[in-house]
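Enquirer: make a model of this:
(chains A and B)
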Amino acid sequence: MNILHLQNVTKSYAQQKAVDDVSLSVNRGIIFGLLGPNGAGKTSTIRMITGITLPDSGTIELFGEPQRPEHQNKVGYMPEERGLYRKLEVRKQLEYLGSLRGMDTASLKRSIDYWLERFEIGSWSKKKTNELSKGMQQKLQFITTLLHDPELLILDEPVSGLDPINAELINEIILEQRANGKSILLSTHRMEQVEQLCDEIALVNQGKIVLAGTLRDVKQASGKRMVRIVHHGSGDLRPMLSAFDIRIAEHHTNELLIELLHNTESQPILRHLTNVTEIIKWEIVEPPLKEIFLEAVSKPIQKGVIA
Amino acid sequence: MKSKMYIVMRHEFLRQVRSKGYIIMTLIAPLLMAVVGLLPVLITSLNMSETSRIAVIDETGSFASHLVKGEEKTTYEFVATPISATAIDSLKSLVEEKKLDGYIRIPANAISANDAKIVISLRNTSDFDTRREIGNKLEGVVLNERLATHGISSSLIDSLSPENSIEVLKITSHEETEDSGIGFAAGYITGFILYISLLIHGSLMMQSVIEEKSTRVIELIISSVRPRDLMLGKIFGVCMAGMLQIAVWAVMFGMLSFFALPAMAVAGPSLAAIITIESLVYFVLYFVGGFLIYATLYATVGAMVEQASDAQSLAMPITFIVVIAILCMTSVIQNPSTTASVILSLVPFFSPILMMGRIYSETPPFWQIALSFVLMGLTFFFISSVASKIYRTGILMYGKKFSFKEAFKWVKYS
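Expert: The predicted structure follows:
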């Protein structure tokens, strides 16, 4: 069943088309990645799904029905622009925001106790929000998203500003929510998070969806052939590859990621390199999402088309 | 399930009531008002104790017996006549050295001729009390002297001076009650309490909207609550906080009048006559009406700006409306039945202050009171529906222009 379905949704601000004829579906129990550069229309799309703004045209369905304000109680939203009442105590903050999502007092108390414990900020429940560190405020924000046990979680850059340990905790909870049959719409720039978590993705650029599908489909459809090379010593190998029809995607101290362009074979390159240096690892790899992302985003600009 | 508007209202009420500013204001505002009320009286009485010294150059020779020091705050010192120019110069320098406050020159024909000019030279000509006092005194002397030349003795004049007391009675529902100006005072005090309350809570309302906007928490809130419920919930919450505050003031005032007024023997019975159950009911109703209208206006302004500093200039016109009502108040209370007063007090933005003032000074016909409520209700209905549209779009506009097209689309979504 579709938890979320957008059909030909368009939204303009002034003269600018922020969202241009976007259609997408999110099924129950999956993590859906909404990717795209800044200003691509991700937040505009999310604001329509959360009922903050309305589409100019097109329809939005939630939980199999046309969008209604009552759906707001079944959606958890973590906006990219984080915001909490600064002077409110942690527990009061959660009580207010939870009750606004239609929770009754008893289940609200249970839920607050559980999540404060889970995020190890229970001892801070009497503190004012502005006395918390940034990381802790971030956790609090995440709790407000989860409190009412929503069917659909909409997370805009959920781990930005968090240290790796807390980022991992967030990822763990996102996966746990999926295991519980919840759907998650994840908007992010972090490709490693997408690769780690997402089942399906849609790549948005200039208000349009330019790529969509399961992670695997998208990677295969890209047709990219890439090789990861780990070599000995810190010498720069790039000059030695200038003769080949390839593109250097990444280079680190003793590691290279190259894309084989056109019909370039990998074996001649390997033979050439073993003559000049010691190759530790030679691996044909799936194209990283980042490469697909960069290509898809840069295409229209290369053609000189600006929508 | 509790409605979200109720949840917002409860939250907003508790938030206001628990804030330090609110508690301080509730406790010290009556004190401030008392100081503001008493200060002019205090200053005047301090000034009264200071006497001024005036030299008199009396060329008629008949003033000395009349200008003896009495209860007045002016003492007169007679200078020998005829006077030389150098003596006048020395008087002037005494005035400049502040040993004298001025001098009076009375020409020899002052009593016989009407065109003889009496000249009062003062260092401080803006002391109207002294000017009036000296002028009245001199006129009295001239009149007495003239009457004396016609053979009327000063004892006869004294016995004919009117000393009747004049009593003013207030007519309410065919009964005459003693009135010591307390109706005027009650109207004025009520007007000021409303004025202060509207401004304080209006700007608290505005700050609360701006805070949600500037902390960006609004995005989360608006994804949970319909903007109209949010706005109305906030308005009702702030309104209740304001009412609680006034109730506390009323209790404080009641205690004060119970303990202090009898002791001072001031206007006890007439105060009770003025503050009736009826007038209290009207007060609460006008307070709520005024509050809803002004809080809505302030909320709208809050939604249109991004920072508190931008709000001041936009909120100015609203403050202006309240100030106009306060400026009209004195004249409306003094002349409550003139066409201008009736029309002004029916303007919904003015009714809470002006109609209330009229109720205290001379109860207006019931249809006018009823009409003012109808007009206020309609105004609130109209501005709150327009405001909630502006609110819906305004609160999410960060550095974007507000558009009516967007607002119109919101109307269809309910």
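Enquirer: residues in contact with residue B:117?
Expert: By CB atoms under 8 Å, 6 or more residues apart in numbering or on different chains, the contact list for residue B:117 reads residue B:107. Glycine gets a C-beta too; all of them are placed from N, C-alpha and C.
Enquirer: doesn't it belong to a strand?
Expert: No: counting by DSSP: H, G, I helix; E, B strand; the rest coil, residue B:117 is not part of a strand but coil.
Enquirer: per-domain residue ranges of chain B.
Expert: B:4-33+B:180-412, B:53-158 (automatic domain parsing).
Enquirer: and for chain A?
Expert: Using automatic domain parsing, chain A is parsed into the domains A:2-220, A:225-286.
Enquirer: can I get the domains of chain B in CSV including mean pLDDT?
Expert: Converted to CSV, these look like this (pLDDT from 0 to 100):
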stretch, mean pLDDT
domain B:4-33+B:180-412, 80
domain B:53-158, 80
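Enquirer: quick one: closest of the domains of chain A to residue B:201.
Expert: domain A:2-220 (18.4 Å; CB to CB).
Enquirer: surely residue A:135 meets residue A:166?
Expert: Yes: using CB atoms under 8 Å, residue A:135 is in contact with residue A:166, at 5.9 Å.
Enquirer: of those two, who's got more company?
Expert: residue A:166 (18 against 15; other CB atoms under 10 Å in any protein chain shown).
Enquirer: okay, the domains of chain B, which one's buried deepest?
Expert: domain B:4-33+B:180-412 (a mean of 18; mean count of other CB atoms under 10 Å in any protein chain shown).
Enquirer: off-centre distance for that domain?
Expert: Using CA atoms, centre = their mean, to the nearest Å, the distance from the centre of domain B:4-33+B:180-412 to the centre of the chain it belongs to is 17 Å.
Enquirer: same deal with stretch A:214-222?
Expert: 16 Å.
Enquirer: list the buried residues of that stretch.
Expert: Buried residues in stretch A:214-222, counted by 16 or more other CB atoms under 10 Å in any protein chain shown: A:215, A:218, A:219, A:222.
Enquirer: would you turn these into TSV with secondary structure?
Expert: Shown next, in TSV, are the buried residues of stretch A:214-222 (three-state DSSP):
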residue	secondary structure
A:215	helix
A:218	helix
A:219	helix
A:222	helix
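Enquirer: could you redo the residues you listed as CSV and give each row distance to chain B and pLDDT?
Expert: Below are the buried residues of stretch A:214-222 laid out as CSV (distance: CB to the nearest CB, whole Å; pLDDT from 0 to 100):
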residue, distance to chain B, pLDDT
A:215, 28, 84
A:218, 29, 84
A:219, 33, 83
A:222, 35, 78
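Enquirer: show me which of these is closest to residue A:72.
Expert: Nearest to residue A:72 among these, with distances taken as CB to CB, is residue A:215, at 29.8 Å.
Enquirer: least confident of the domains of chain A, on average?
Expert: For the domains of chain A, the weakest mean pLDDT is recorded on domain A:225-286, namely a mean of 79.
Enquirer: that one: end-to-end distance?
Expert: Domain A:225-286 has an end-to-end distance of 7 Å (CA to CA, to the nearest Å).
Enquirer: do the same with stretch A:273-290
Expert: Start to finish, the residues bounding stretch A:273-290 are 26 Å apart (CA to CA).
Enquirer: who touches it?
Expert: A:35, A:191, A:194-195, A:201, A:215, A:218-219, A:222, A:224-233, A:235, A:237, A:240-241, A:249, A:254, A:257, A:259, A:266, A:270.
Enquirer: would you list every one of the helices in the stretch 201-350 of chain B?
Expert: For the stretch 201-350 of chain B, helices defined by DSSP state H, counting those that start in this stretch occupy the ranges B:217-222, B:227-264, B:268-274, B:277-304, B:308-334, B:339-346.
Enquirer: tell me the secondary structure at residue 77.
Expert: Let's take chain A. strand.
Enquirer: hmm, I had chain B in mind actually
Expert: strand.
Enquirer: tell me the bridge partners for it.
Expert: The partner list for residue B:77 in beta bridges (DSSP bridges) reads residue B:55.
Enquirer: that one contacts residue B:57, doesn't it?
Expert: No: counting by CB under 8 Å, residue B:77 stays clear of residue B:57, with 10.4 Å between them.
Enquirer: wait, is residue A:5 part of a helix?
Expert: No: judged by three-state DSSP, residue A:5 forms no part of a helix; its state is strand.
Enquirer: distance-wise, check it relative to chain B.
Expert: Relative to chain B, residue A:5 is positioned 18 Å away (CB to the nearest CB, to the nearest Å).
Enquirer: count of residues packed around that residue?
Expert: Residue A:5 - counted by other CB under 10 Å - has 20 other residues nearby.
Enquirer: residue A:81 too?
Expert: 14.
Enquirer: who's in contact with residue 231?
Expert: Went with chain A since none was named. A:237, A:254, A:255, A:256, A:273, A:277, A:278, A:279, A:280.
Enquirer: chain B was what I was after
Expert: B:296, B:299, B:384, B:387, B:388, B:391.
Enquirer: my guess is the first one contacts residue B:235, does it?
Expert: Think residue B:296. Yes: counting by CB under 8 Å, residue B:296 touches residue B:235, with 6.0 Å between them.
Enquirer: overlap in contacts, those two.
Expert: residue B:384.
Enquirer: nearest spatial neighbour of the residue of chain B found nearest chain A, chain-adjacent residues omitted?
Expert: Chain A sits closest to residue B:216 of chain B, with a gap of 3.2 Å, by CB to the nearest CB. Leaving aside its sequence neighbours, residue B:216 sits nearest to residue A:83 (CB to CB, 6 or more residues apart in numbering or on different chains; 3.2 Å).
Enquirer: so after the strand or helix carrying residue B:11, what's the next helix or strand?
Expert: Applying DSSP states H and E as the criterion places residue B:11 in helix B:4-18. Going down the chain from helix B:4-18, the next helix or strand is helix B:20-48, by DSSP H and E.
Enquirer: how far does that following helix sit from the chain's center?
Expert: Worked out by CA atoms, centre = their mean, helix B:20-48 lies 13 Å from the chain centre.
Enquirer: and if you look at stretch A:201-211?
Expert: On CA atoms, centre = their mean, the centre of stretch A:201-211 falls 13 Å from that of its chain.
Enquirer: alpha carbons only: can I get that stretch in CSV?
Expert: Only the C-alpha atoms of stretch A:201-211 are listed here, as CSV (Å, rounded to 0.1, in the frame of the first residue of the first chain):
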residue,chain,number,x,y,z
ILE,A,201,15.6,7.1,-4.1
ALA,A,202,14.4,10.0,-6.2
LEU,A,203,16.9,12.6,-7.4
VAL,A,204,15.5,16.0,-7.8
ASN,A,205,17.1,18.8,-9.7
GLN,A,206,15.6,22.2,-10.6
GLY,A,207,12.2,21.1,-9.4
LYS,A,208,12.1,17.9,-11.5
ILE,A,209,12.7,14.3,-10.7
VAL,A,210,15.7,13.3,-12.9
LEU,A,211,16.4,9.8,-11.5
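Enquirer: tell me which residues are up against that stretch.
Expert: Contacts to stretch A:201-211, defined as CB under 8 Å, 6+ apart, come from residues A:17-24, A:32-37, A:40-42, A:44-45, A:194, A:212-215, A:218, A:221, A:289, A:292-293, A:296-297, A:299-300, A:306-307.
Enquirer: mind listing what's buried in it?
Expert: A:201, A:202, A:203, A:204, A:205, A:206, A:207, A:208, A:209, A:210, A:211.
Enquirer: mark which of those are part of strands, please.
Expert: A:201, A:202, A:203, A:204, A:205, A:208, A:209, A:210, A:211 (DSSP state E).
Enquirer: now render the residues you listed as JSON lines, adding distance to residue A:56.
Expert: Listed next are those as JSON lines, based on distance: CB to CB, whole Å:
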{"residue": "A:201", "distance to residue A:56": "25"}
{"residue": "A:202", "distance to residue A:56": "20"}
{"residue": "A:203", "distance to residue A:56": "22"}
{"residue": "A:204", "distance to residue A:56": "17"}
{"residue": "A:205", "distance to residue A:56": "19"}
{"residue": "A:208", "distance to residue A:56": "15"}
{"residue": "A:209", "distance to residue A:56": "17"}
{"residue": "A:210", "distance to residue A:56": "21"}
{"residue": "A:211", "distance to residue A:56": "24"}
